[in-house]
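Student: Whatever this is, show me its structure:
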Amino acid sequence: MRPGIAAIAGVLCITGCASPSSPKTSTDDRINIVTSPPVAPGSDFYALDEDGLKINHAMDMIQGGKIQAAIDGPINEVIAKFENEYAGKQVYSARGAAEGFMYGILGAAEGVKANPKAGMHIVVIGPSWAMAYAARSYALTEMNRTTEAEADIRKALALSPMDSQYKNELAYLITRRGDVSEALPLYQEAEANAEMTSQHPVEMKCAALRGQGYDLVELHRLDEAEAAYKKCMALVPDEPKSKAELGYIAEQRKKAASK
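Tutor: I've put the predicted structure just below:
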């Protein structure tokens with residue numbers, strides 16, 4: 001029997017959060033980009049702050065079966081804090097310096113395109129806000145409240161539009177409701193962005209590749225699906241979920257050949 005689609009979902013790795021920093025103004029005087037710096041020279045990912053620790057604690061609560069308590073407690077507390085603090089502002093939530101830099105460029109480009117003459121204030125903070133939405137999405141998925149879960153992971157992606165984990169999670173939820181053609185490009189983007197946005201790029205890439213493989217099988221594109229699973233196994237030799245799916249593909253080919 002083919003593994004269920006839960007096998008393609010990535011592990012929700014809640015890591016990293018930065019504190020606010022002093023503003024950095026771009027060379028374009030219409031744009032003021034406030035960023036959160038790395039914790040130490042040479043570090044590209046931000047360290048946990050108090051809000052990040054609260055989200056990690058919430059994830060422990062969820063794993064311990066206290067799902068609603070995690071939502072009502074630390075998750076909603078962190079979300080409310082950021083929603084109040086940054087209401088009406090253009091904010092991005094990044095895990096590290098490279099990602100934050102890209103969001104600054106992205107926000108500036110979109111802002112100038114929308115209104116070339118207006119000044120703007122783009123805030124790039126650490127990952128805690130997006131992490132909180134992702135954690136609530138995960139909790140809601142565990143409760144089978146997938147419509148609400150999808151809405152929250154989309155909020156996380158609005159803050160962190162290149163994040164590979166959140167793209168994997170959204171793609172999983174979309175696949176789960178049967179729209180594999182919509183999910184497939186998200187998995188492909190997750191694979192492409194993993195090095196920049198994750199401290200666990202191999203795991204994120206493999207989750208994205210398994211998602212691609214699953215969706216490609218559903219689309220009857222077996223050769224491409226096989227290539228995706230083999231690419232995951234090149235990263236993680238004998239990765240069991242990919243190995244099982246390759247067995248499923250082989251069975252489908254045998255059935256087709258016998259007809």
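Student: May I ask which helix or strand encompasses the residue most central in space within the chain?
Tutor: Geometric centre of the chain, nearest residue: Tyr166, 1.6 Å, by Cα atoms, centre = their mean. Using DSSP states H and E, Tyr166 falls within helix 164-176.
Student: by contact count, what packs against the helix or strand that that helix is followed by?
Tutor: Counting by DSSP H and E, the next helix or strand C-terminal to helix 164-176 is helix 180-197. Applying 3 or more Cβ pairs under 8 Å, 6 or more residues apart in numbering; DSSP states H and E, one finds that helix 180-197 contacts helix 97-114, helix 164-176, helix 201-218. C-beta coordinates here come from the backbone N, C-alpha and C atoms, glycine included.
Student: Pull the distance from helix 180-197 to the chain's centre.
Tutor: 9 Å (Cα atoms, centre = their mean, to the nearest Å).
Student: repeat for stretch 43-54
Tutor: 16 Å.
Student: what does stretch 65-81 give?
Tutor: Put simply, stretch 65-81 sits 19 Å off its chain's centre (Cα atoms, centre = their mean).
Student: pLDDT of that stretch, averaged?
Tutor: On average, the pLDDT along stretch 65-81 is 98.
Student: could I have it exported to PDB, CA atoms only?
Tutor: The C-alpha coordinates for stretch 65-81 follow below in PDB (Å, rounded to 0.1, in the frame of the first residue of the first chain):
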ATOM      1  CA  GLY A  65      -1.300  16.500  23.600                       C
ATOM      2  CA  LYS A  66      -2.000  20.000  25.000                       C
ATOM      3  CA  ILE A  67      -2.900  21.400  21.600                       C
ATOM      4  CA  GLN A  68      -5.700  23.900  22.500                       C
ATOM      5  CA  ALA A  69      -3.700  25.100  25.600                       C
ATOM      6  CA  ALA A  70      -0.700  25.800  23.300                       C
ATOM      7  CA  ILE A  71      -2.900  27.800  21.000                       C
ATOM      8  CA  ASP A  72      -4.700  29.700  23.700                       C
ATOM      9  CA  GLY A  73      -1.500  30.300  25.600                       C
ATOM     10  CA  PRO A  74       1.900  31.000  24.200                       C
ATOM     11  CA  ILE A  75       1.000  31.000  20.500                       C
ATOM     12  CA  ASN A  76      -1.800  33.500  20.600                       C
ATOM     13  CA  GLU A  77       0.200  35.600  23.100                       C
ATOM     14  CA  VAL A  78       3.100  36.000  20.600                       C
ATOM     15  CA  ILE A  79       0.800  36.600  17.700                       C
ATOM     16  CA  ALA A  80      -1.200  39.300  19.500                       C
ATOM     17  CA  LYS A  81       2.000  41.000  20.500                       C
END
